[in-house]
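> just to be clear, the model below is a prediction. Sequence and coordinates:
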Amino acid sequence: MPAVSKGDGMRGLAVFISDIRNCKSKEAEIKRINKELANIRSKFKGDKALDGYSKKKYVCKLLFIFLLGHDIDFGHMEAVNLLSSNRYTEKQIGYLFISVLVNSNSELIRLINNAIKNDLASRNPTFMGLALHCIASVGSREMAEAFAGEIPKVLVAGDTMDSVKQSAALCLLRLYRTSPDLVPMGDWTSRVVHLLNDQHLGVVTAATSLITTLAQKNPEEFKTSVSLAVSRLSRIVTSASTDLQDYTYYFVPAPWLSVKLLRLLQCYPPPDPAVRGRLTECLETILNKAQEPPKSKKVQHSNAKNAVLFEAISLIIHHDSEPNLLVRACNQLGQFLQHRETNLRYLALESMCTLASSEFSHEAVKTHIETVINALKTERDVSVRQRAVDLLYAMCDRSNAPQIVAEMLSYLETADYSIREEIVLKVAILAEKYAVDYTWYVDTILNLIRIAGDYVSEEVWYRVIQIVINRDDVQGYAAKTVFEALQAPACHENLVKVGGYILGEFGNLIAGDPRSSPLIQFNLLHSKFHLCSVPTRALLLSTYIKFVNLFPEVKPTIQDVLRSDSQLRNADVELQQRAVEYLRLSTVASTDILATVLEEMPPFPERESSILAKLKKKKGPSTVTDLEDTKRERSVDVNGGPEPAPASTSAMSTPSPSADLLGLGAAPPAPAGPPPSSGGGGGLLVDVFSDSASVVAPLAPGSEDNFARFVCKNNGVLFENQLLQIGLKSEFRQNLGRMFIFYGNKTSTQFLNFTPTLICSDELQPNLNLQTKPVDPTVEGGAQVQQVVNIECVSDFTEAPVLNIQFRYGGTFQNVSVQLPITLNKFFQPTEMASQDFFQRWKQLSNPQQEVQNIFKAKHPMDTEVTKAKIIGFGSALLEEVDPNPANFVGAGIIHTKTTQIGCLLRLEPNLQAQMYRLTLRTSKEAVSQRLCELLSAQF
């Protein structure tokens, strides 16, 4: 930047600022400002032409007045005139005024754009820098339309100076973040990648920020950056602090650039073996340097050093393919768990939560359980304690579940109120998931209700009742345990609900003991009746009529209670109706009719735990995942690691109602074998579109309903009959996805010539790329095999691929076809937007071709929380407090394909009285709007 000459001091400005500061009151300040505004206005309107210095001085005064909070409605044209000056300070003030005061709708924007274009074309690096800074500061859509095509040319031009390249890269980054659809991808993308090799580290730093953001949306365009990033990172981490003097921060060479390069590498899977070896050396060097004694005692040194270390650990976790690095990272984080710096302990706990999900480092994480439990008890900062809870939850398995659950329950008694509900949900999930002995599960949940009853949601006590009803072996114990728990002088209402339900169903199992006779059970429950809310009283009335059927000897006592005025004339209509109907039923119905009407509840159908669904909803889909998914239970080979061990071939016993035949992560899958009949190598990818030798069967009955259920979820059972169960577990990121298909043999007889084939129609093939590995042609009885499908969305599509499975069972040929739930919404990237931005974009997508609307009758109960969960599961961000009507739901996201990104806005308006919905979708492409509307409408 040129030095400011003595004549540029602007004494008049200094005097004005001094006068403002010396004002004794607000009124005096306003008076002085109004006087100055009048003077400036007269100077601008005067006949005498002002020189550049005077214009600059007066524009500066206007800018200062604006910064004091006063409106400025003139002087804009004079500021624009300053842009044509050849003096740096005048041009600088002009650009500064425009960056602060001129909005994108100004009539002067064309003149401003012309001045910026002239400066960009001038090849004067100082003027080019000012112009680029102004574009980035304003960052409007109009600026992007005018200059998004010009700035890449400046960036990659061979004669552009380093300082201008830095500004151009950051300016382009700003425009891409505000208007990604206006930044064209072209030849410059391959050239900008080579800026990672630039000699000037400032250029490399700016280019890395730009490439990282671009690569997140267009990974294929910038995949060549991986090898260059590794090469540059290698040179940095192996250099001495004296080699990069200008970019060394407290003895750490180029820490900001190192962090940015490591973050760029996290946009891609592990690189090719040659590059991977060099990257592994870099990561090992970073881990080694973390063990070295500090070169400075100042906090800046440790902050820079640890920033690089934590980003390196994030990359190791992201790749999840090097067992040695994962264990070393875990050990390094373990040292931070007892560090005196609170932020380091927090970051260590957060990173170890992710490490706990890796099959390679899970055991290493478990070795730190005592340290984590100690942190839970002694940490002062509640956020650190919450991360400790998250880590205990993540490291839990069958071997340590009793210890972790006990520690969580112990901590719950003194836990901060803000995290109690989350801890309750996690304890309930772990107790159910790892319950070998269901008596322990019942004890744990009842203890949970005793300790934190106010935070036990309905999902928790619903779930314990479902499990008790579905398991005959625990019903008697549950009845005895809740009976004893209810004898406490003070019981939480949730315990009364559980006790009322279980004793009403299974009180007869403990009625033989004189200490828990029918009359004692009834009196115990009725002693709590007057303390409970209306819903609990209604449940207890249902328990009483169940007692009439179970224990005829207490029938007169119960009828007297039902006949009392407090019941028959109750102010609550629900309680009054129940009392009247139950009294009449107990009076007129015969014993047989009573036994039929009030028979024991049948087992509940098994589905995803409602507690787990609530925890996912509470924490958000991206932060808390089902443990079976994140840990993968030592099964899924995601990143080219060692092949998993074969599944056991021993015959399976008949599973309980709550067992999952496929395991979906609980049992190791069999490794993929060679293709059944092809002559190619077994390790090669097969052509998934090849024609099958046999006729493809029509879609199996019920498969369309199963397909619809997967629109808003990624895991579960897709198909099941007497012979075969097909389960799915899938993950999607931008336009790429990976699906794990599990085939389970439910019989004790082998499946022979087992051949699953993916079939895409002619219309679907160019829009969706699928690659899969073949599976073993023999599936043993009671065993399962796994197939991995790699997915790439090239362009938007409407159809879904078909999965055809052919095999021989006991000499009989079997042929099954189901639709594979790969739908357009799986490639959604949620986008958060403020209310103003949402409706501005909504108005921009107002063409009839861009909007699709559907008004339809609700097929399911109109539950607000279920609706929110479905919209989030659909893939879009759920935008809170955006719609003026709080009953409406709005969402936003971007559909990612290889060729383009399609912005999508949705609005769902429920009408509870009419039991109808109106769904409106707006995207930039009619076919996408239509398809998304069809998929989402079918969910409600």
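That came through, no problem.
> remind me what the strand or helix carrying residue 742 packs against, helices and strands.
For residue 742, the element it lies in under DSSP states H and E is strand 736-745. Strand 736-745 sits against strand 724-733, strand 751-759, strand 784-793, with contacts defined as 3 or more C-beta pairs under 8 Å, 6 or more residues apart in numbering; DSSP states H and E. (Glycine included, C-beta is placed from N, CA and C.)
> sheet partners, orientation included, of it?
Applying DSSP bridges, strand 736-745 is found paired with strand 724-733 (antiparallel), strand 784-793 (antiparallel).
> what mean pLDDT does the last one get?
Mean pLDDT, taken over the full extent of strand 784-793, equals 88.
> and that strand, how far from the chain's centre?
Computed by C-alpha atoms, centre = their mean, to the nearest Å, the chain-centroid distance of strand 784-793 equals 22 Å.
> where do the strands sit along the stretch 201-350 of the chain?
Assigned by DSSP state E, counting those that start in this stretch, the strands in the stretch 201-350 of the chain fall at 248-249, 252-253.
> mean pLDDT for those - can I get that in CSV?
Supplementary listing: the strands of the stretch 201-350 of the chain in CSV, determined by pLDDT from 0 to 100:
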stretch, mean pLDDT
strand 248-249, 86
strand 252-253, 88
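> for those strands, which one ends up most surrounded?
Highest mean neighbour count among the strands of the stretch 201-350 of the chain (mean count of other C-beta atoms under 10 Å): strand 252-253, with a mean of 24.
> adjacent strands (with direction) for that strand?
strand 248-249 (antiparallel).
> give me the residues contacting stretch 131-143.
With C-beta atoms under 8 Å, 6 or more residues apart in numbering as the contact definition, stretch 131-143 has outside contacts at 95, 98-99, 102-104, 109, 113, 115-116, 119-120, 147, 151, 154, 164, 167-168, 170-171, 174-175, 178-179, 182.
> for PyMOL, write a command that selects the buried ones of the residues you listed.
Remark: buried members of those, expressed as a PyMOL selection using 16 or more other C-beta atoms under 10 Å:
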select buried, resi 95+98+99+102+109+113+115+116+119+120+147+151+154+164+167+168+170+171+174+175+178+179+182
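> restricted to strands, list the contacts of stretch 131-143.
Of the contacts of stretch 131-143, none are assigned to strands by DSSP state E.
> in helices only, show me the contacts of stretch 131-143.
If you go by DSSP state H, those have 95, 98-99, 109, 113, 115-116, 119-120, 147, 151, 154, 164, 167-168, 170-171, 174-175, 178 in helices.
> if we can go back for a sec, buried stuff in the strand holding residue 742?
Across strand 736-745, burial judged by 16+ other C-beta under 10 Å covers 736-737, 739-745.
> and the furthest pair within those residues?
Spanning the widest gap among the buried residues of strand 736-745 are 736 and 745, at 30.8 Å by C-beta to C-beta.
> flag the shaky bits of the stretch 501-650 of the chain, pLDDT-wise.
Within the stretch 501-650 of the chain, the stretches with pLDDT under 70 are 606-610, 612-614, 616-650.
> run the last query once more with 50
621-650 (pLDDT under 50).
> next one: the stretch 51-200 of the chain
In the stretch 51-200 of the chain, no residues with pLDDT under 50.
> at 70 instead, please
Along the stretch 51-200 of the chain, segments meeting pLDDT under 70 span 104-106.
> quick one, helices of the stretch 251-400 of the chain?
Remark: helices assigned in the stretch 251-400 of the chain by DSSP state H, counting those that start in this stretch are 255-265, 273-291, 299-319, 323-336, 342-355, 362-366, 369-378, 382-395.
> for the ones you listed, give me CSV that also has mean pLDDT and distance to residue 717.
Compiled in CSV, the helices of the stretch 251-400 of the chain are given as follows (pLDDT from 0 to 100; distance: least, C-beta to C-beta, whole Å):
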stretch, mean pLDDT, distance to residue 717
helix 255-265, 93, 37
helix 273-291, 90, 37
helix 299-319, 91, 30
helix 323-336, 90, 31
helix 342-355, 91, 28
helix 362-366, 89, 26
helix 369-378, 90, 33
helix 382-395, 91, 25
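> ok, which of those helices comes nearest residue 411?
helix 369-378 (5.2 Å).
> so how far is that closest one from its chain's centroid?
Counting by C-alpha atoms, centre = their mean, helix 369-378 comes out at 27 Å from the chain centroid.
> same thing with stretch 211-230?
Here stretch 211-230 is found 22 Å from its chain centre; the criterion is C-alpha atoms, centre = their mean.
> for it, how far is the first residue from the last?
End-to-end distance for stretch 211-230, by C-alpha to C-alpha, to the nearest Å: 14 Å.
> got the buried residues for stretch 799-809?
Neighbour-count burial for stretch 799-809, counted by 16+ other C-beta under 10 Å, picks out 800-807, 809.
> same question for stretch 576-585.
Of all the residues in stretch 576-585, those buried under the rule 16+ other C-beta under 10 Å are 578-579, 582-583, 585.
> thinking again about what came up before, which of the helices and strands packed on strand 736-745 sits closest to residue 931?
Evaluated over those, closeness to residue 931 peaks at strand 784-793, with 12.5 Å, by C-beta to C-beta.
> export that closest one to PDB, keeping only CA atoms.
Only the C-alpha atoms of strand 784-793 are listed here, as PDB (Å, rounded to 0.1, in the frame of the first residue of the first chain):
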ATOM      1  CA  GLN A 784     -26.200 -63.600   6.400                       C
ATOM      2  CA  VAL A 785     -24.100 -62.100   3.600                       C
ATOM      3  CA  GLN A 786     -23.400 -58.500   2.900                       C
ATOM      4  CA  GLN A 787     -23.300 -56.500  -0.400                       C
ATOM      5  CA  VAL A 788     -21.900 -53.000  -0.800                       C
ATOM      6  CA  VAL A 789     -23.400 -50.700  -3.400                       C
ATOM      7  CA  ASN A 790     -21.600 -47.500  -4.400                       C
ATOM      8  CA  ILE A 791     -24.000 -44.800  -5.700                       C
ATOM      9  CA  GLU A 792     -23.400 -41.700  -7.800                       C
ATOM     10  CA  CYS A 793     -26.200 -39.300  -8.700                       C
END
